[in-house]
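Visitor: Fold the stuff below for me.
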Amino acid sequence: MGSPAESKSISLSTHRKFGEVLVDLNFLTQDQVDAALERSNEKRLRLGDLLLGEGLLSEEQVAQALAAQYELPFLNLDGTHLDSDLSKHLPERIARGFSILPVHFQEGMMTLTTHDPIQFLKLENLKNILTSEVALKVSPRSQIEAAINRIYNDEHSVDKIVKHLARKQVNKKASTGLSAVVVPFKDSAPSIESLVNKFISRAIMDRASDIHIDPAEEKVRVRGRIDGILHELYTYPPELHQSVASRIKVLSNLDISERRHPQDGGFHHSQGSRPVDIRVSTLPTAYGEKLVLRLLDKEKMRGTLAQIGMSSEIEADVQSLLQRPHGIILITGPTGSGKTTTLYSMLNQINAIEKNIITVEDPIEFKFDVINQVQVNEKAGLSFAGLLRNILRQDPDIVMIGEVRDQETADLAIRAALTGHLVLSTIHTNDAVSTPTRLMDMGIEPFLLASGLSAVLAQRLVRVLCVHCRKRVPLSEADARILGIRFLSAGTPVFEPVGCEKCLHSGYQNRIALFELMRIDDFVRRAFIERKSESDILQHLSNNGFISMRQDGGFKIVAGITSVEEVLKATL
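Guide: Presented below is the predicted three-dimensional model:
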């Protein structure tokens with residue numbers, strides 16, 4: 001591949017398009033590729049990302065196709081032995097940040113594998129790091145990330161940092177003769193910085209949505225919420241906690257001297273080319289400050305409706321609703337059910353230079369181009385309702401309200417929809433059918449609701465079965481009876497979780513949403529005005545093709561996406 005100097009700028013060329021390769025490999029037909037190309041252009045997504053998100057290709061197939069397109073070797077890392085000494089040839093922050101793995105080094109030649117050859121060429125950081133010649137291979141991203149955890153021995157490196165800090169504590173205590181000493185933050189900053197970075201990097205690699213740092217009497221636990229479940233990642237001695245908390249507070253622009261009152265802040269973190277915004281909350285407890293770091297992955301916020309689990313039938317209805325010039329669309333569900341992600345996916349669909357889109361959010365979790373986003377600040381007198389009044393003087397086409405919390409906000413949202421604006425918002429209710437009742441209980445007049453409300457989309461999150469270890473079993477009579485879904489009878493083949501290294505032995509990887517969409521037709525409008533019961537409305541909807549969250553879950557069970565247990569837990 002030329003001299004070491006030349007290796008810093010690897011060039012790739014191909015005479016074939018990605019779609020052509022997919023057809024040549026018999027992964028898709030030409031008709032499927034042509035249709036997907038249209039969708040990828042509409043959604044401004046790369047073809048591989050679209051097909052992966054829609055479930056039409058696996059990670060391994062995408063990697064195989066990219067390898068064939070750029071005439072590079074494909075490497076399946078499953079079962080491949082990798083020497084931990086390889087970690088010496090590439091810094092961990094680069095490997096983790098860009099999902100690049102060193103797989104072989106011999107006689108001045110380093111072999112790296114990547115999930116995206118084009119992204120690899122853009123990594124300017126490598127030009128200052130690599131001094132050897134480089135050979136490139138292509139592997140699935142999840143395999144690369146799992147292998148990085150193995151060869152960089154993350155547990156061991158954290159343990160070394162903690163032991164080093166503990167020794168500093170002992171030495172400081174011995175030199176001063178004091179009974180209790182906390183290492184000054186400025187003295188331990190480099191090591192504490194490394195420790196905090198380890199916590200964050202590991203959580204991002206494990207797909208955690210939150211990091212919980214919980215002080216106790218004998219140790220401090222660091223836990224990650226992965227697919228909705230908390231897993232212990234690390235522990236460290238309580239005497240280090242003040243320095244850890246101070247480091248996070250400094251990053252978040254919080255007051256490090258304030259430990260008696262809760263504080264909220266945030267900071268930006270880059271995991272290589274992967275931008276993550278981190279929201280921080282502190283809470284005084286009996287053993288010190290508990291910290292929760294919410295990881296807001298910008299890649300996920302750019303997702304499509306299909307990627308978050310929406311069926312093609314419901315997506316088609318939502319797309320038609322988003323093209324309407326006015327009306328209000330409400331997304332409902334409990335806290336942590338993915339409402340904001342769905343809301344942002346909708347904004348991705350309709351964001352265009354021709355439209356004046358204004359949002360009111362608390363907090364702003366993802367920043368869009370073109371869209372005007374406004375942050376609620378109650379202390380400064382900027383409430384949802386107050387901001388909404390001013391926004392309506394800004395000639396908006398589309399208004400997004402983070403949450404309908406009170407009668408005033410609900411009333412203004414409905415009136416905005418009636419005066420020619422498309423309004424998107426969220427509200428806390430149990431399902432789609434109960435949402436109008438909740439709004440009327442808030443004080444919204446039924447005739448206003450009938451005129452302004454276009455649709456209610458309810459959702460819940462369920463875990464996705466790990467494709468590497470899920471097991472096919474017949475549906476039991478008891479589960480079939482509890483589910484009560486027509487197309488799921490006893491004996492129907494379904495999948496159940498098993499657990500393996502790739503899914504942290506949980507049996508699941510990632511989460512998607514179950515949805516139900518209630519469109520407001522003439523019957524439902526009359527039902528609002530006549531104060532008919534929710535059961536009457538539900539009966540009408542069921543007779544006209546309404547798919548409940550339980551039924552949507554049933555389709556995902558049959559497809560092997562999730563388990564009976566997950567659907568029952570989400571919809572009971």
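Visitor: got a list of contacts for stretch 218-234?
Guide: 155, 158, 198-199, 202-203, 206-214, 235-238, 240-241, 244, 288, 336, 461, 463-464, 504, 506, 508-511 (CB atoms under 8 Å, 6 or more residues apart in numbering). C-beta: built from backbone N, CA, C; applies to glycine.
Visitor: For that stretch, measure first residue to last.
Guide: 14 Å (CA to CA, to the nearest Å).
Visitor: Any buried residues in that stretch, and which?
Guide: For stretch 218-234, a neighbour-count test (16 or more other CB atoms under 10 Å) marks 220, 222, 223, 224, 225, 226, 227, 233, 234 as buried.
Visitor: Also stretch 265-280?
Guide: Residues 265, 266, 267, 269, 271, 272, 276, 277, 278, 279, 280 are the ones in stretch 265-280 that count as buried (16+ other CB under 10 Å).
Visitor: The fourth one should be in a strand, yeah?
Guide: Yes - looking at residue 269 with DSSP: H, G, I helix; E, B strand; the rest coil, it is inside a strand.
Visitor: Is it in contact with residue 200, as I believe?
Guide: Yes - in this structure, residue 269 is within contact of residue 200 by CB atoms under 8 Å, at 5.9 Å.
Visitor: Between the two, which contacts overlap?
Guide: With CB under 8 Å, 6+ apart as the test, residue 269 and residue 200 both reach 276, 278.
Visitor: For residue 56, give me its contacts.
Guide: Residues counted as contacts of residue 56 (CB under 8 Å, 6+ apart) are 28, 32, 36.
Visitor: What of residue 532?
Guide: Counting by CB under 8 Å, 6+ apart, residue 532 has contacts residue 526.
Visitor: count of neighbours near the nearest residue in space to residue 16 that is not next to it in sequence?
Guide: Nearest in space to residue 16, with sequence neighbours left out and distances taken as CB to CB, 6 or more residues apart in numbering, is residue 69 at 5.8 Å. Residue 69 sits with 24 neighbouring residues when counted by other CB atoms under 10 Å.
Visitor: buried subset of the contacts of residue 56?
Guide: Using 16+ other CB under 10 Å as the burial test, the contacts of residue 56 include 28, 36 as buried.
Visitor: if we can go back for a sec, of the buried residues of stretch 218-234, which belong to strands?
Guide: Judged by DSSP state E, the subset of those located in strands is 220, 222, 223, 224, 225, 226, 233, 234.
Visitor: what's the nearest residue to residue 451 if we skip its chain neighbours?
Guide: Residue 451 sits nearest to residue 418 (CB to CB, 6+ apart), 5.8 Å away.
Visitor: didn't the one you found look like it was pressed against residue 454?
Guide: No - taking contacts as CB under 8 Å, residue 418 lies outside contact range of residue 454: 11.2 Å.
Visitor: buried set for stretch 342-352?
Guide: By neighbour count on 16+ other CB under 10 Å, the buried set for stretch 342-352 is 342, 343, 344, 345, 346, 347, 348, 349, 350, 351.
Visitor: Switch these over to a markdown table; also include pLDDT, secondary structure and distance to residue 99.
Guide: Shown next, in a markdown table, are the buried residues of stretch 342-352 (pLDDT from 0 to 100; DSSP: H, G, I helix; E, B strand; the rest coil; distance: CB to CB, whole Å):
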| residue | pLDDT | secondary structure | distance to residue 99 |
| --- | --- | --- | --- |
| 342 | 94 | helix | 27 |
| 343 | 93 | helix | 28 |
| 344 | 90 | helix | 24 |
| 345 | 90 | helix | 24 |
| 346 | 93 | helix | 29 |
| 347 | 91 | helix | 27 |
| 348 | 86 | helix | 23 |
| 349 | 86 | helix | 28 |
| 350 | 89 | helix | 31 |
| 351 | 86 | coil | 28 |
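Visitor: picking up where we left off before, taking the contacts of residue 56 one by one, which sit in helices?
Guide: Judged by DSSP state H, the subset of the contacts of residue 56 located in helices is 32, 36.
Visitor: Which one of the contacts of residue 56 is nearest to residue 143?
Guide: Using CB to CB, residue 28 is the member of these that lies nearest residue 143, at 22.1 Å.
Visitor: shouldn't the closest one be in contact with residue 36?
Guide: Yes - if you go by CB under 8 Å, residue 28 and residue 36 touch, sitting 7.4 Å apart.
Visitor: re earlier: what's the most distant pair in the buried residues of stretch 342-352?
Guide: Of all the pairs that the buried residues of stretch 342-352 form, the one spanning the most space (CB to CB) is 342 and 351, at 14.9 Å.
Visitor: what residues are up against residue 49?
Guide: Residue 49 makes contact with residue 40, according to CB under 8 Å, 6+ apart.
Visitor: Secondary structure element holding it?
Guide: Residue 49 belongs to helix 47-53 when assigned by DSSP states H and E.
Visitor: List the buried residues for whatever helix or strand comes next after that helix?
Guide: With elements assigned by DSSP H and E, the helix or strand that comes after helix 47-53 is helix 59-69. Of all the residues in helix 59-69, those buried under the rule 16+ other CB under 10 Å are 59, 61, 62, 63, 64, 65, 66, 67, 68, 69.
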